[in-house]
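Participant: Generate a structure from the sequence data that follows.
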Amino acid sequence: MSNWPRGFAALVAAAGLGTASAWGADLPLHTCRLQGLEHDAQCGVLKRPLDPAKPDGTQIDLHVVVVPALARQKLPDPIFFFAGGPGQSAIGLAGTIEHLSSRLGARRDLVLIDQRGTGHSAPLQCDVPGPDDAIARALDRAHQVEALDTCRVALQKLPWGDLRFYTTTIAMADADAVRAAVGADRIDLIGVSYGTRAALEYLRAYPQHVRRVVIDGVAPPDMVLPESDDIDGEAAMAALFRDCAAEKACAQAHPALAHTWQAMLASLPRAVDIADPATGQSHHLTMTRDAVRGIVHPALYSPALGAMLPYAIEEAAAGRFNVMIALATSSLGAQPTDLSEGQHFSVICAEDVPRLPAAAGPASDQGAQGLYRAVCAHWPRGEVPAAFYTIPKSAAPVLLLSGGLDPVTPPRHAERVAQALGPKARSVVVANNGHNVTAIACMRDAVFHFIDAATEAEAEAVDMNCAAKVPRPLAFVPLLPGRAVAATNDPKRFDDPPPQAPDATPPTTPPGMKDAR
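Facilitator: Presented below is the predicted three-dimensional model:
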């Protein structure tokens, strides 16, 4: 989900910081500077038991950052932000959060928690592979599973390495302990991707402490991520083929894109030569169907990157996979690099994989389902309460946001969740956007008005019509060799004459200057 995941954002950091004594004794805060933040923040550590049933047992350090509100008279309900993945560090997104939105931070503190297992909170990160090994893991399922098995063994040797205690339910108990420590009776929740599952679990378990909820890219607790990932990824590819056929220039350049895609997949496995986009080093590899699907999937998260896919598919069909590899690298390069694989699989292996359909034939070993079945076969599984998979009616207003082209959390999930949450839930779809619609400026404004509204009626009435005006980017058309030629889908060609005022007179050429040659 993360491939995740880039986060929504909300608040600016501030001058005029509060002192540590203003907060709970269990969470002493000190002034700190974070990369990407323009102002000081307040950082602290909350001690939490690794095993909730053993409060005096092994303790972990839960790292917390409070980005103080700008206003002197701030409002009492801070905003808690839940990152995606699972496995992203919320604190690591602090700079992105400040950059994307400054309005929400004017009157409300923002609280960022590195969820247990992520960032600095009992981290469960695997090794960072070198360039050669990274490509091998990306293209070879067995190599990837072997690396994750090695990582699991290493993580289990850590003092906090009992991987059963990193479920969403336990993490949200941590979040409520932070709420109590900062002295807030009610809080606002913002979650993106997997963070929406976290927000829904907090809303279920602690409804009395929730004022407003915004969830972007809805991943409900009963979603069964590996199964949904395969289904929704195929649907996103079908939408790409459909939209290419409807766009004149794309249809002319790629007249049978869906057929080309299927024919290319049918030709696999095959040996190919590719150049590492980062180093230029040549690699001789075997390309498989699973590898190609995994390479293409990240680009579908963003329609701007997805606009390159028709060209990349045509190149791959001709045996040239460099464009596809470079596109995947660009997609992943835009994502945070501190994803905690240990926390990711501790969550998914406990909450999703047990609910997968029974394995049935070779197809069960392919796609996301095949990867998670293989990794989770030996991964310790935490206990998940049955109530975790329920979504009760919400007494607080909930705004659910989805991108119509999202390959991992499309609108079908949000619509089902909104119905379960009841009349105070509102689902908004940005038809031509992918994953993370709060990256769109007008949607950030809508989120601000939803949270900032003084009454629930005003929050529920916020205008969200800008969602319908977002276009899908035109398909990429490469430059023609030899001379600069305008793309056929460019609405304003570079060789068009410049516009003139109605009363402008044509320029005159002095005698003898008509042709200097």
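Participant: where does the stretch 201-350 of the chain have low pLDDT?
Facilitator: Applying pLDDT under 70 to the stretch 201-350 of the chain picks out residues 330-337.
Participant: just the strands in it please.
Facilitator: For the stretch 201-350 of the chain, applying DSSP state E, counting those that start in this stretch gives strands covering 210-216, 270-275, 282-287.
Participant: Measure how far stretch 275-283 is from the centre of its chain, please.
Facilitator: Distance, stretch centre to chain centre, for stretch 275-283: 27 Å (C-alpha atoms, centre = their mean, to the nearest Å).
Participant: End to end on that stretch, go ahead and measure it.
Facilitator: Terminal residues of stretch 275-283 lie 6 Å apart, using C-alpha to C-alpha, to the nearest Å.
Participant: returning to what we had before: distance to Ala238 and mean neighbour count for the strands of the stretch 201-350 of the chain - can I get that in TSV?
Facilitator: C-betas here are computed from N, CA, C, even on glycine. Output for those, formatted as TSV (distance: least, C-beta to C-beta, whole Å; neighbours: other C-beta atoms under 10 Å):
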stretch	distance to Ala238	mean neighbour count
strand 210-216	23	26
strand 270-275	24	14
strand 282-287	22	14
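Participant: Tell me which of the ones you listed sits nearest to Leu46.
Facilitator: Leu46 lies closest, by C-beta to C-beta, to one member of the strands of the stretch 201-350 of the chain: strand 210-216, at 20.0 Å.
Participant: Partner strands of that closest one, with direction?
Facilitator: Sheet pairing of strand 210-216 (DSSP bridges) gives strand 187-192 (parallel), strand 398-403 (parallel).
Participant: Which one of these lies nearest to Pro123?
Facilitator: Pro123 lies closest, by C-beta to C-beta, to one member of the strands paired with strand 210-216: strand 187-192, at 20.5 Å.
Participant: And for the closest one, what's in contact with it?
Facilitator: By C-beta atoms under 8 Å, 6 or more residues apart in numbering, the residues outside strand 187-192 that reach it are 5-8, 10, 77-84, 108, 111, 179, 197-200, 202-203, 209-217, 436, 438, 447, 451.
Participant: where does that strand sit relative to the chain's centre, distance-wise?
Facilitator: Distance, stretch centre to chain centre, for strand 187-192: 15 Å (C-alpha atoms, centre = their mean).
Participant: Report the contact partners of the closest residue to Asn432 other than its chain neighbours.
Facilitator: Nearest residue to Asn432 in three dimensions, chain neighbours excluded: Arg472, at 4.0 Å (C-beta to C-beta, 6 or more residues apart in numbering). Residues counted as contacts of Arg472 (C-beta under 8 Å, 6+ apart) are Asp243, Pro303, Leu405, Asn432.
Participant: re the thing from before, so for Arg137, which of the strands of the stretch 201-350 of the chain sits nearest?
Facilitator: Checking the strands of the stretch 201-350 of the chain against Arg137 by C-beta to C-beta gives strand 282-287 as the closest, at 11.8 Å.
Participant: Could you list every helix and strand in contact with that closest one?
Facilitator: Where contact means 3 or more C-beta pairs under 8 Å, 6 or more residues apart in numbering; DSSP states H and E, strand 282-287 is packed against helix 131-139, strand 270-275.
Participant: Run me through the strand neighbours of the last one, direction for each.
Facilitator: So that's strand 270-275. On the basis of DSSP bridges, the sheet neighbours of strand 270-275 come out as strand 282-287 (antiparallel).
Participant: Please identify which of the strands paired with strand 210-216 is closest to Ala425.
Facilitator: Nearest of the strands paired with strand 210-216 (C-beta to C-beta): strand 398-403, 4.4 Å.
Participant: which residues touch the helix or strand just after the closest one?
Facilitator: Where DSSP states H and E defines the elements, the next helix or strand beyond strand 398-403 is helix 411-421. Contact with helix 411-421 is made by 200, 215, 218-220, 223, 228, 232, 391-394, 398, 400-404, 425-427, 429, as judged by C-beta under 8 Å, 6+ apart.
Participant: just stretch 450-470 next, same as before
Facilitator: The contact list for stretch 450-470, computed with C-beta under 8 Å, 6+ apart, reads 79, 103-104, 107-108, 188, 212, 214, 397, 399, 424, 426, 428-433, 437, 440, 442-443, 445-446, 449.
Participant: Give me the mean pLDDT for that stretch.
Facilitator: On average, the pLDDT along stretch 450-470 is 92.
Participant: Now it: buried residues?
Facilitator: For stretch 450-470, the neighbour count (16 or more other C-beta atoms under 10 Å) marks Phe450, Ile451, Asp452, Ala453, Ala459, Glu460, Val462, Met464, Ala467, Val470 as buried.
Participant: Tell me how far Glu98 lies from Ile215.
Facilitator: Separation of Glu98 from Ile215 (C-beta to C-beta, to the nearest Å): 21 Å.
Participant: no wait, Trp379
Facilitator: Counting by C-beta to C-beta, the gap from Trp379 to Ile215 is 27 Å.
Participant: Please produce CSV containing the strands of the stretch 201-350 of the chain, extended by distance to His143.
Facilitator: As requested, the strands of the stretch 201-350 of the chain are exported to CSV (distance: least, C-beta to C-beta, whole Å):
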stretch, distance to His143
strand 210-216, 34
strand 270-275, 16
strand 282-287, 11
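Participant: hang on, the earlier thing: just the ones of the contacts of stretch 450-470 in strands?
Facilitator: Taking DSSP state E, the ones among the contacts of stretch 450-470 that sit in strands are Ile79, Asp188, Arg212, Val214, Leu399, Arg426, Val428, Val429, Val430.
Participant: who touches the closest residue to Trp379 other than its chain neighbours in this structure?
Facilitator: Excluding the flanking residues, the one nearest Trp379 by C-beta to C-beta, 6+ apart is Cys349, at 4.2 Å. Taking C-beta under 8 Å, 6+ apart, we find Cys349 in contact with Tyr372, Val375, Cys376, Trp379, Pro380, Arg381.
Participant: out of these, which are buried?
Facilitator: Tyr372, Val375, Cys376, Trp379, Pro380.
Participant: what about the fourth one, which helix or strand?
Facilitator: Just to be clear, that refers to Trp379. Here Trp379, judged by DSSP H and E, is contained in no helix and no strand.
Participant: Give me the phi and psi for it.
Facilitator: phi -90, psi 130 (degrees, to the nearest 10).
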